[in-house]
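Colleague: sequence first, predicted coordinates after that:
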Amino acid sequence: MSGPQLLKENGPREVFCGLTSIVWLHRRMPDAFFLVVGSRTCAHLIQSAAGVMIFAEPRFGTAILEEKDLAGLADAHEELERVVNDLHARRPEIKTLFLVGSCPSEVIKIDLARVAENLNQKLAGKLRVLNYSGSGIETTFTQGEDGALKALIPLMGETTKEKLLMVGTLANSVEDRFIKIFNKLGIETIESFPPRESTNLPEIGENTKVLLTQPYLAETVRDLKHRGCQIINAPFPLGIKGSELWIKAAAKAMNKDKNVDEILNPLIIRAQKALDSHKELLSGKSIFLLPESQLEISLARFLSNECGMKLLEVGTPYLNKELMQEELELLPPNTKVVEGQHVEKQLDRVRSNQPDLVVCGMGLANPLEAEGISTKWSIEMVFSPIHGIDQASDLAALFSRPLRRHEILNH
Ligand code: SF4
């Protein structure tokens with residue numbers, strides 16, 4: 001049987017930058033603060049992407065560097081230290097501060113690692129300062145999480161104790177559900193990274209079995225491997241089948257897979273029933289996924305295999321074949337998977353194919369809707385609790401809702 005067709009494309013991209021991931025990371029770790037070192041554009045992006053936070057005491061901010069701050073590099077470093085000291089004095093409850101780099105050339109010149117190191121010496125015991133890049137030149141939006149997690153790894157202690165470590169941000173409710181299932185299987189030593197408290201980092205070592213919850217954490221995986229952790233190969237926990245195989249792979253790795261079917265089968269039967277009404281609407285409809293979140297391949301596998309959708313093209317900003325191997329094997333034969341982007345050529349293909357639904361970034365959704373093509377924002381996939389067997393119908397609903405709306409508007 002032939003596998004998917006793997007193609008590459010280069011050209012102009014239309015993808016959010018890594019700063020966007022601050023929106024879900026700050027929710028996950030309420031004791032952390034994300035200070036974007038950037039321009040007014042970065043401040044606007046963060047404010048609009050995280051607009052819901054303006055009524056609360058925010059846990060992100062932007063140190064906007066004006067020309068005057070950049071008269072000399074030393075001034076920029078001092079200015080940044082001053083902003084951090086002010087923040088620490090005002091918000092002593094913040095335990096971890098991430099300095100997040102961005103695109104402007106002035107920012108690129110600043111050595112954020114050195115600033116973080118200086119601040120760590122001065123604020124030792126009170127605040128931990130880390131840095132990573134969320135720049136749109138280097139990262140697409142989900143890679144911001146990869147950078148933040150990678151920055152935390154050196155702070156994780158050593159252990160030889162056997163444990164299951166779920167890696168990647170999950171909604172707390174979904175995390176609780178997974179822990180409950182793993183406990184039922186007899187797996188008691190289970191932790192998550194990132195944790196709910198930034199200072200409560202799991203210890204890791206050669207007996208740590210890493211179970212990835214998100215496909216966009218290639219750098220984090222590399223550093224965890226360097227620390228001796230073992231990576232469990234599995235598809236990602238999206239949809240019923242993906243979640244089932246993911247749980248089974250973890251159970252096998254932890255040697256607790258004796259009664260796994262007995263525990264999962266009732267959940268699977270319930271989830272299949274809940275999925276039926278969405279399947280009715282989605283089955284036979286065509287879908288085109290533009291590259292943005294790196295979740296596209298897993299979503300395509302779910303939409304095709306469990307919802308009967310026809311995959312026209314599956315874009316992904318990056319394809320890490322090692323992490324995605326199990327997913328690629330589950331795609332229907334000859335599925336067209338395109339890594340990278342030439343946005344104009346891709347839009348031409350969308351127009352000539354006239355799909356029933358397009359998954360894309362917010363910037364492309366409005367023009368496509370104006371042309372009568374239904375769209376779904378890919379950013380919603382990272383903000384919604386979509387992982388797990390129980391969540392499969394909610395995941396399908398994200399795709400059936402715009403189709404239903406389109407049908408209503410056209411009758
Ligand atoms: Fe800031 Fe660059 Fe992101 Fe624009 S793309 S918001 S300049 S980091």
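Modeller: Yep, it's here. Numbers count the residues shown, from 1 in each chain.

Colleague: closest residue of the stretch 301-411 of the chain to the ligand?
Modeller: Gly363 (11.8 Å; CB to the nearest ligand atom). To be clear about C-beta, it is placed using only N, CA and C from the backbone, and glycine gets the same treatment.

Colleague: buried stuff in the host helix or strand of that residue?
Modeller: Taking DSSP states H and E as the criterion, Gly363 maps to helix 362-370. Buried residues in helix 362-370, counted by 16 or more other CB atoms under 10 Å: 362, 364-365, 368.

Colleague: stretch 24-32 too?
Modeller: 24-29, 32.

Colleague: Throw those residues into TSV and include secondary structure, thanks.
Modeller: Shown next, in TSV, are those (DSSP: H, G, I helix; E, B strand; the rest coil):
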residue	secondary structure
Trp24	helix
Leu25	helix
His26	helix
Arg27	helix
Arg28	helix
Met29	coil
Ala32	strand
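
Colleague: most widely separated two among the residues you listed?
Modeller: Trp24 and Ala32 (12.1 Å; CB to CB).

Colleague: can you show me the helices along the stretch 101-250 of the chain?
Modeller: Counting by DSSP state H, counting those that start in this stretch, one finds helices in the stretch 101-250 of the chain at the ranges 105-109, 112-122, 143-152, 172-184, 218-226, 239-253.

Colleague: right, and the ones you listed - which one's nearest Ile232?
Modeller: Evaluated over those, closeness to Ile232 peaks at helix 239-253, with 4.8 Å, by CB to CB.

Colleague: and Ile137, what is it in contact with?
Modeller: Cys103 (CB atoms under 8 Å, 6 or more residues apart in numbering).

Colleague: now do stretch 288-296, average pLDDT.
Modeller: Taken as a whole, stretch 288-296 has an average pLDDT of 96.

Colleague: the stretch 101-250 of the chain against the ligand: which residues are in contact?
Modeller: For the stretch 101-250 of the chain, the residues found near the ligand under the criterion CB under 6 Å from any ligand atom are 102-103, 134-136.

Colleague: where in this structure is pLDDT low?
Modeller: Scanning the chain with the threshold set as pLDDT under 70 gives 1, 49-74, 411.

Colleague: could you list the domains of it?
Modeller: 18-139, 163-261 (automatic domain parsing).

Colleague: contacts only, for the residue of the stretch 1-150 of the chain found nearest the ligand.
Modeller: Residue of the stretch 1-150 of the chain nearest the ligand, by CB to the nearest ligand atom: Gly136 (2.6 Å). Counting by CB under 8 Å, 6+ apart, Gly136 makes contact with 15-19, 102-103.

Colleague: just checking, Ala116 touches Asn131?
Modeller: Yes - with contact defined as CB atoms under 8 Å, Ala116 counts as touching Asn131 (4.6 Å).

Colleague: give me the common contacts of these two.
Modeller: Leu99.

Colleague: before we move on, back to that, for the residues of the stretch 101-250 of the chain next to the ligand, which PyMOL command selects only the ones that are buried?
Modeller: The buried subset of these, as determined by 16+ other CB under 10 Å, is captured in PyMOL by this line:
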select buried, resi 102+103+134+135+136
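
Colleague: that older thread, now for the buried residues of helix 362-370, which pair is the farthest apart?
Modeller: Longest span within those, CB to CB: Met362 and Leu368, 11.1 Å.
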